[in-house]
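A.B. asks: here's a sequence, model it:
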Amino acid sequence: MGSNGKSHNGASGASWHSQYPKLGTEPVPIEPYISPEFFELEREHVFKRAWLCLGREERIPKPGDFFIKDIAIARTSLIVARGEDGKIRAFHNACSHRSNKVEWQAKGCASTFTCPFHGWCYGLDGKLIAVPDEKSFFNLDKSKLGLTPIALDAWKGFIFINLNPEQTLREYLGEFADAIEDYPFAANGVNCYEWSTELNCNWKLLRDAFKEAYHVAFLHRRSLRDSYTGRQNPFGHALYFKLFPLHQRWSLAANPAYQPSPLEAMAYRYSSFVLKNDFDKEPPKGANPTGDPNWVLDINAIFPSCLIDTLQNGYFTYNFWPIAVDRTLWEVRVYFGEPRNAAERFSQEHARLTFRDVIMEDAATMENTQAVLASGAKTHFQFQDEELLLRHDNKVLADYIKAKNGKAQTKSKAKSTGKRSASHAQNAAA
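C.D. replies: Below you'll find the predicted structure:
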């Protein structure tokens, strides 16, 4: 249903699912959200193979700046650093001597990285530059013992890594990237505020909470409900859905009849965010694909676990990092442009705190839901039309695992065949 309340899908009145008939409309199994075996498949065939977003390049603006990213599901720790040449690189945070973690600080600025165990020292480019008591080693070749590099690329200022790349980042993003290429991420992302927390729930359950607006009228009844829903659109139906092979995009409308409180009116007179009060302002490029005058935000989802939500005066990102089948690290970053005056700075602070309170409402349901899922009381989810993205996510994930697992099995068979052939040749020669 658009903001005019007339239909689900534009003027046609058809369901969103009718655009994507291959997804089906059947109930979706709960098992992947509670299965340790499925979690291991996600580890090996998704998070060790997909491009994963680590945030913005502005996290490390100067040569020597670095941050550490521990990725539990990939069983690795990364050093991401900007070199003296200005290039950003990523390495496994493992010393070539005895695999101790080289860098223990979460972030900082350094000219070198020195392992605290035995003092092996590496440059910002990963090269091994010093080994204490080097003469006591046997045929040590420092040129071959640098930090192990990891594929890293950037798109629109976002840093991505891939532990086992099979395609470039741009190939991976495909047409999805074209759709939001023109959004002013740099100008709208000068100031960043971030939070992170661990929740006792499956990463997909947390991700799903931000892929539909069906819950807004109920879970957010004290915060967002009246600004997103109203008589014309009581259940927050989407303006737009677009499914790509891996990724997704959808748009939401605000309620133009909403009457803000005096404090909200003061704040959003200068700069709106998740609550909208500037309907006559031209939206930024790369946003509002339908051109709807009541548009408030686009949700842009990058498989498997990153969301970039774009608004009029800023954007926010979610990263969902699996720790265990029932535990997830949730990273939230909110970005704003440079305020031109005190009024805009006040508006941004109001927006930041409003947003924080809203996502705390979202988080409140997660652990209870996971506990009930684990009980086995229900075996399937019942998704409705506006939960299109959840159905798509489950199919994409299953297909991705199947494809990667098939390739892995083919390679394993090829290696096994090669070994048998070599053995037969040796026996024949004997």
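A.B. asks: quickly list what the residue nearest the centre of the chain is bridged to.
C.D. replies: Per CA atoms, centre = their mean, the C-alpha nearest to the average position across the chain is that of C306, at 1.3 Å. In this structure, C306 has beta-bridge partners I302, N319, where bridges are defined by DSSP bridges.
A.B. asks: distance check, it against N300.
C.D. replies: Counting by CB to CB, to the nearest Å, the gap from C306 to N300 is 9 Å. All C-beta spots, glycine's among them, are computed from the backbone N, C-alpha and C.
A.B. asks: just W16 next, same as before
C.D. replies: Using CB to CB, one gets 17 Å for the distance from W16 to N300.
A.B. asks: sorry, back to before: separation between the residue nearest to the centre of the chain and W104?
C.D. replies: 27 Å.
A.B. asks: what strand or helix carries A343?
C.D. replies: helix 342-363 (DSSP states H and E).
A.B. asks: counting by contacts, list what whatever helix or strand comes next after that helix packs against.
C.D. replies: Past helix 342-363, further along toward the C-terminus, the next helix or strand under DSSP H and E is helix 366-375. Applying 3 or more CB pairs under 8 Å, 6 or more residues apart in numbering; DSSP states H and E, one finds that helix 366-375 makes contact with helix 203-208.
A.B. asks: distance from the chain centre to the helix it packs on, please.
C.D. replies: When C-alpha coordinates are averaged (CA atoms, centre = their mean, to the nearest Å), helix 203-208 and its chain have centres 11 Å apart.
A.B. asks: next, the buried residues of the helix or strand that comes right after it.
C.D. replies: Sequence-wise, the next helix or strand downstream of helix 203-208 (DSSP H and E) is helix 216-219. Along helix 216-219, the positions that meet the burial threshold by neighbour count (16 or more other CB atoms under 10 Å) are V216, A217, L219.
A.B. asks: for those, which one is nearest V396?
C.D. replies: Distance to V396 across those (CB to CB) is lowest for V216, with 24.4 Å.
A.B. asks: the closest one contacts D226, correct?
C.D. replies: No - counting by CB atoms under 8 Å, V216 stays clear of D226, with 10.0 Å between them.
A.B. asks: which parts of the stretch 1-150 of the chain are strands?
C.D. replies: 28-29, 52-56, 65-71, 76-82, 88-92, 107-109, 112-114, 121-123, 128-130, 149-155 (DSSP state E, counting those that start in this stretch).
A.B. asks: in TSV: the ones you listed, plus distance to Y335 and mean neighbour count.
C.D. replies: TSV is the format used below for the strands of the stretch 1-150 of the chain (distance: least, CB to CB, whole Å; neighbours: other CB atoms under 10 Å):
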stretch	distance to Y335	mean neighbour count
strand 28-29	33	18
strand 52-56	8	21
strand 65-71	17	19
strand 76-82	19	22
strand 88-92	19	21
strand 107-109	18	13
strand 112-114	29	17
strand 121-123	31	19
strand 128-130	36	16
strand 149-155	16	16
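A.B. asks: need the ones you listed in a markdown table with distance to Y258, can you?
C.D. replies: Shown next, in a markdown table, are the strands of the stretch 1-150 of the chain (distance: least, CB to CB, whole Å):
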| stretch | distance to Y258 |
| --- | --- |
| strand 28-29 | 33 |
| strand 52-56 | 32 |
| strand 65-71 | 39 |
| strand 76-82 | 42 |
| strand 88-92 | 42 |
| strand 107-109 | 40 |
| strand 112-114 | 52 |
| strand 121-123 | 55 |
| strand 128-130 | 60 |
| strand 149-155 | 35 |
